[in-house]
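> based on what follows, work out the 3D shape:
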Amino acid sequence: MANPWAGEVEVWLDGRRHVAKLTLGALAELEATLEPGSLIDLVERFEGGRFSTRDVLALLVAGLRGGGWQGSAEDMRTVEIGGGPVEAARLAAQLLARAFTVPGAP
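Residues are numbered from 1 along each chain as shown. Modelled structure (predicted):
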């Protein structure tokens, strides 16, 4: 089970459970793939509901890799994400929120 206090999110790929987490290394990898902008731009797109499928994919891949997954964005083209695209977007937003939330903060 994923630990939300550690910033973890549970992602199901092809029926297998994976833990995703935006570690510092995963965030750096994510920022390198963002077009255009920075993590702040990404947060603003999610807050405003203006995110793209590319944003969702980049967040999921970075989080999965931060959780120890050895795959790549290319691998995500053929996997079945539990809950489909809507769940993928929800999980991406959750990853982003948990990465920048202090546990126990109001």
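> just the helices in the chain please.
Ranges of helices in the chain, per DSSP state H, are 24-33, 39-47, 53-66, 84-99.
> among those, which comes closest to R17?
helix 53-66 (11.4 Å; Cβ to Cβ). Backbone N, C-alpha and C define where each C-beta goes, glycine included.
> now tell me what touches that closest one from outside.
Outside helix 53-66, the residues that touch it by Cβ atoms under 8 Å, 6 or more residues apart in numbering are 9, 11, 13, 18, 20-23, 25-27, 29-30, 33-35, 42, 45-46, 71-73, 76, 81, 85, 88-89, 91-92, 95-96.
> go on, stretch 83-90?
W12, F51, T53, V56, L57, L60, I81, L91.
> buried ones only from those residues, please, as a PyMOL command.
What follows is the PyMOL syntax for the buried subset of those, where burial is set by 16 or more other Cβ atoms under 10 Å:
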select buried, resi 51+56+57+60+81+91
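> closest one to M1 among the helices of the chain?
Nearest of the helices of the chain to M1, taken as Cβ to Cβ: helix 84-99 at 14.4 Å.
> so where is the protein shaky, pLDDT-wise?
In the predicted model of the chain, residues 36, 103-106 satisfy pLDDT under 70.
> neighbours of V9, just the number please.
By other Cβ atoms under 10 Å, 27 other residues sit near V9.
> from what I can see it touches H18, true?
No. If you go by Cβ atoms under 8 Å, V9 and H18 don't touch, sitting 9.3 Å apart.
> any common contacting residues for the two?
Counting by Cβ under 8 Å, 6+ apart, nothing touches both V9 and H18.
> how about the contacts of stretch 83-90, which pair is most distant?
W12 and F51 (20.8 Å).
> JSON lines for the helices of the chain, including distance to W5?
Output for the helices of the chain, formatted as JSON lines (distance: least, Cβ to Cβ, whole Å):
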{"stretch": "helix 24-33", "distance to W5": "17"}
{"stretch": "helix 39-47", "distance to W5": "20"}
{"stretch": "helix 53-66", "distance to W5": "16"}
{"stretch": "helix 84-99", "distance to W5": "9"}
